[in-house]
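Enquirer: Sequence plus the predicted model coming up.
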Amino acid sequence: MKELVDFVVLIIIYFLKFYKKWKEKGRDVLFVNTLMYIYLSFVLYFTLMPIITSLPFIFNHPYDSINLVPFIDVLNGRGDFVRQVGLNVIMTIPFGFLMPLVKKENARLLKVVFYTFLLSLGIELLQPLINGFRSADITDLITNVVGGSIGYIMYLIFKPLTTKILNYIGHR
């Protein structure tokens, strides 16, 4: 229920800040940017929410230090590391696919990797602040970047198809 406040704010921001601007640029731009906005909203849901209702309490819990040893859970056989690694890769595949569609100019692998890195770093640094039950992990950062890279490769593979679809949407 606390997440509902965050979603309402995200919807208000979408319509007040982005919808009109993106619509003026064409239906294809509106479609791709809205898809990215919805995707990022769900990333926030799974990684950081509730945010707004947690803000007054961010200093009321200990801040766990960041794990800087890559794949330590894998090496020590702790937890459900296969699931965690898989979910972190899967989570950022759409980002790697959509980023070149949103940022049409100079959509290169290194740029997508950099933006995926920044997205993941932001999430990892904020998670322990917003919620005392979450921790930051270098493994998540690495696997998120791998996911973004896979998404970019998928973008390259499906670029002819997505171009046709977006042209169709844009010229309807």
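Expert: Thanks, I have the structure now. Numbers count the residues shown, from 1 in each chain.
Enquirer: Can you classify Lys104 by secondary structure?
Expert: Of the three states, Lys104 takes coil according to DSSP: H, G, I helix; E, B strand; the rest coil.
Enquirer: CA-only coordinates of the helix or strand of the chain with the lowest mean pLDDT in PDB, if you can.
Expert: Lowest on mean pLDDT, DSSP states H and E among the helices and strands of the chain sits helix 72-76, with a mean of 80. What follows is helix 72-76, C-alpha atoms only, in PDB (Å, rounded to 0.1, in the frame of the first residue of the first chain):
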ATOM      1  CA  ILE A  72      31.300 -13.600  -2.600                       C
ATOM      2  CA  ASP A  73      27.900 -15.300  -2.200                       C
ATOM      3  CA  VAL A  74      28.700 -17.600  -5.100                       C
ATOM      4  CA  LEU A  75      32.100 -18.300  -3.800                       C
ATOM      5  CA  ASN A  76      30.800 -19.100  -0.300                       C
END
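Enquirer: So what touches it?
Expert: Arg78, Gly79, Phe81, Gln84, Val85, Thr139 (C-beta atoms under 8 Å, 6 or more residues apart in numbering). Just so you know, the C-beta spots here come from the backbone N, C-alpha and C atoms, and that holds for glycine as well.
Enquirer: In terms of secondary structure, what does the strand or helix carrying Ile157 contact?
Expert: For Ile157, the enclosing helix or strand under DSSP states H and E is helix 138-170. Contacts defined by 3 or more C-beta pairs under 8 Å, 6 or more residues apart in numbering; DSSP states H and E place helix 138-170 against helix 27-47, helix 72-76, helix 81-102, helix 109-130.
Enquirer: Please tell me how far Val146 sits from Val8.
Expert: The gap separating Val146 from Val8 is 33 Å, by C-beta to C-beta, to the nearest Å.
Enquirer: so where's this protein uncertain?
Expert: For the chain, residues meeting the criterion pLDDT under 70 lie at 172.
Enquirer: Try it again at 90.
Expert: Residues of the chain meeting the criterion pLDDT under 90: 1-2, 51-69, 71-84, 103-107, 127-136, 163, 167, 170-172.
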